[in-house]
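Student: Need a 3D model of the following:
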Amino acid sequence: MDRVARDPSAGLCAQCRHRQEVRNTRGSTFLLCRRSRAQPERYPKYPRLPVTRCEGFVPEPAATDHP
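Tutor: Numbers count the residues shown, from 1 in each chain. Here you go, the predicted structure:
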């Protein structure tokens, strides 16, 4: 996981399982909403951050210490 995804200034997107990190050729990282593929009218491809409310938000499963 990239530092952008962990950054609390990204709001809900930082913890959403539908997030995908996209890097451009200049090294910038953006958060793409994968829900936008199926429902572009409801979910922007690259939401304006921070996202504070989102009906499609699903938290990432907690990481476990088990191998």
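Student: wait, what's in contact with the residue nearest to the spatial centre of the chain?
Tutor: When the chain is reduced to its mean C-alpha position, the closest residue under CA atoms, centre = their mean turns out to be residue 19, at 2.9 Å. Under the criterion of CB atoms under 8 Å, 6 or more residues apart in numbering, the contact list for residue 19 reads 5, 13, 31-34. C-beta: built from backbone N, CA, C; applies to glycine.
Student: hmm, try it at 10 Å
Tutor: Residues touching residue 19, when contacts are defined by CB atoms under 10 Å, 6 or more residues apart in numbering, comprise 1, 4-5, 10, 12-13, 31-35, 47, 51, 57-58, 60.
Student: Can you list the low-confidence ranges for this structure?
Tutor: When residues are selected by pLDDT under 70, those of the chain lie in 1-6, 63-67.
Student: And what about the closest residue to residue 7 other than its chain neighbours, helix, strand or coil?
Tutor: On the basis of CB to CB, 6 or more residues apart in numbering, the spatially nearest residue to residue 7 that is not a chain neighbour turns out to be residue 14, at 6.0 Å. When the structure is reduced to helix, strand and coil (DSSP: H, G, I helix; E, B strand; the rest coil), residue 14 reads as helix.
Student: ok, now how distant is residue 14 from residue 49?
Tutor: Distance from residue 14 to residue 49, counting by CB to CB, to the nearest Å: 9 Å.
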